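Trainee: here's my sequence, what's the structure:
(one chain, ligands or ions: 1)
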Amino acid sequence: MRIVCPSCQATYEVPEKLLGDAPRKVRCARCGDAWVPTPAPSPPAAPPQPSAAVASPPPPDPPEPEPEPELPPPPPVLAEPPPSVVPRPELKLASPPAPGPGKGLVLLAALAWTASLALLVGGGWAAVAWRTEIMALWAPSRRVFALLGLA
Ligand SMILES: [Zn+2]
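Mentor: All right, here's what the predicted structure looks like:
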């Protein structure tokens, strides 16, 4: 007999002997809906036959597309030579100068400058003051003093 799924209107050809005399629930293979197909004649109730199999036709399982076997990832192509191992100079974050030691350094530098300036001036002064002695002791210095117009 032909039964129709009330849910999705799928039609199934079912051997009547499968359904037997008693109304049996069948399950639609397409939509999963279960219903009791009503055969035309309604015979008197009979004890259910335990041997009756499921009335629904074997659901023709559509062959599921086999998942493509995952290919192992191709080996990485080295488009360019590996980066040479040139040690990069590490970027050091310039920390803001600490106020204390910074000022001290500036002071020290100023002091050093002053000292060297004083030494230079003092040395020059001494050289001028004692140029006679120096020239007497070290002859070549005469030319220097001559150049300076001090000889
Ligand atoms: Zn259905």
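Trainee: got the residue ranges for the helices in the protein?
Mentor: With DSSP state H, the ranges of helices along the chain come out as 16-19, 99-129, 131-137, 141-147.
Trainee: test my guess that residue 128 contacts residue 150.
Mentor: Yes. With contacts defined as CB atoms under 8 Å, residue 128 counts as touching residue 150 at a distance of 6.1 Å. The C-beta positions use only the backbone N, C-alpha and C, and glycine is treated the same way.
Trainee: so how far is the ion from residue 6?
Mentor: 8 Å (CB to the ion, to the nearest Å).
Trainee: could you pull up the contacting residues of that residue?
Mentor: In this structure, residue 6 makes contact with 33, 35, judged by CB atoms under 8 Å, 6 or more residues apart in numbering.
Trainee: residues of the helix or strand of the chain at the bottom of the mean pLDDT ranking that come out buried?
Mentor: Of all the helices and strands that make up the chain, the one with the lowest confidence by mean pLDDT, DSSP states H and E is helix 16-19; it has a mean of 78. Counting neighbours by 16 or more other CB atoms under 10 Å, one finds that the buried residues in helix 16-19 are residue 19.
Trainee: out of the helices of the chain, nearest to the ion?
Mentor: Between the ion and those, the shortest separation by CB to the ion is 16.7 Å, and it involves helix 16-19.
Trainee: show me what contacts the closest residue to residue 151 other than its chain neighbours?
Mentor: Nearest in space to residue 151, with sequence neighbours left out and distances taken as CB to CB, 6 or more residues apart in numbering, is residue 145 at 4.1 Å. Residue 145 is in contact with 131, 134, 135, 151, counting by CB under 8 Å, 6+ apart.
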